[in-house]
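sequence first, predicted coordinates after that:
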Amino acid sequence: MIRRTFTEEQIKTLSKNKNVRRCGAKSVRYTRSFKAEALRKYNEEGLSAVEIFKEAGFDLAVIDIRKPNKLMNQWNKAFGPRPVGQENTGITIKRIENRRVMKNLEAKMAYLQAENCFLAKFRAGKRK
């Protein structure tokens, strides 16, 4: 996977956009209000992700033409089909953290079950 690196000029240009919270050499962080508005337009109004980013003043040649679609999919998975507003951000973050913890615990449980199964077979083979 090729990771895009922004030049100093591109970073300055992106940082001037009101929808950018922070911009570094390898990533762009977007404001919560932009994410919420983008998700609302995407899910309720049916606008494409590319149209939303163009309306917001982003140069797609800089951030990559495929990035808006990837971000919309990520934000929809993280925040659900409802747009994230300022009032329920804490709840949404807790929900995301709970999902991560649950996935981690499920993976540990599957590992331990496989380990127990292996040890049971190993002990049964020793008895013969």
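Received, thanks.

quick one: pLDDT of the residue positioned nearest the centre of the chain?
Nearest residue to the geometric centre of the chain (Cα atoms, centre = their mean): Q74, 3.9 Å. pLDDT for Q74: 91.

distance of it from F118?
37 Å (Cβ to Cβ, to the nearest Å). For every residue, glycine as well, the C-beta is placed using N, CA and C.

how does the chain divide into domains?
1-84, 88-128 (automatic domain parsing).

winner for burial among the ones you listed?
Among these, domain 1-84 has the highest mean neighbour count (mean count of other Cβ atoms under 10 Å), at a mean of 15.

assumed R22 was part of a helix.
No: R22: not assigned to a helix; according to DSSP: H, G, I helix; E, B strand; the rest coil it is strand.

Y30 bridge partners, please.
V20 (DSSP bridges).

surely it and N19 touch.
Yes: in this structure, Y30 is within contact of N19 by Cβ atoms under 8 Å, at 5.8 Å.
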